[in-house]
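Asker: With the input below, show me the fold.
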Amino acid sequence: MSAWFEIENALYSVNKDSLELQAPSFKLSQIISDLSNKGVLEETVIDIFRDLRQLRNQAVHYPEFALTQKEAEKYIDLSLKLSGEILKAKNNLEGGN
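Answerer: The predicted model follows:
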């Protein structure tokens, strides 16, 4: 769960500081959509977000759901990489490359 919080924090940071939305969204899927529409996230990054969100939802809502150690490590690694890509997108939106 803490790996997912890294993604949430990165998305909320972008939403708050960079997207310049009329009404900032608190829905992660809307923030991802906005980043996609602005062309700052590649489709592969968005696909990773969707896959990770699905795994996170299964872990939260289905007590019998379990990951192997290797799968959990991959989830954590992908979550950290995704949050890094989101923060990189934030920098691109703000004009700093």
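Asker: pLDDT weak spots in this structure?
Answerer: 17-25, 96-97 (pLDDT under 70).
Asker: mind running it again at 80?
Answerer: 1, 15-26, 92-97 (pLDDT under 80).
Asker: all helices of it, in order?
Answerer: 2-17, 28-37, 43-61, 69-93 (DSSP state H).
Asker: what about the closest residue in space to Leu87 that isn't next to it in sequence, how many neighbours?
Answerer: Leaving aside its chain neighbours, Leu87 sits nearest to Ala10 (5.1 Å; criterion: C-beta to C-beta, 6 or more residues apart in numbering). To be clear about C-beta, it is placed using only N, CA and C from the backbone, and glycine gets the same treatment. Look at Ala10: counted by other C-beta atoms under 10 Å, it has 22 neighbours.
Asker: do the same with Gln54
Answerer: Neighbours of Gln54 (other C-beta under 10 Å): 10.
Asker: and what of Leu28?
Answerer: Neighbour tally, Leu28, other C-beta under 10 Å: 16.
Asker: For it, which residues are in contact?
Answerer: Ile7, Glu8, Leu11, Phe49, Arg53 (C-beta atoms under 8 Å, 6 or more residues apart in numbering).
Asker: again, only using 7 Å
Answerer: Residues near Leu28 by C-beta atoms under 7 Å, 6 or more residues apart in numbering: Glu8, Leu11.
Asker: same deal with Leu67?
Answerer: Tyr75.
Asker: heads up, I number from 725, so please use that
Answerer: Shifting the count to begin at 725 puts that one at Leu791.
Asker: for it, phi and psi?
Answerer: phi -110, psi 150 (degrees, to the nearest 10).
Asker: How about Glu818?
Answerer: The phi/psi pair for Glu818 (degrees, to the nearest 10) is phi -80, psi 0.
Asker: How about the residue nearest the centre of the chain: what's its closest non-neighbour residue?
Answerer: The residue lying closest to the centre of the chain (C-alpha atoms, centre = their mean) is Ile731, at 4.2 Å. The shortest distance from Ile731 to any non-neighbouring residue, by C-beta to C-beta, 6+ apart, is to Ser807 (5.0 Å).
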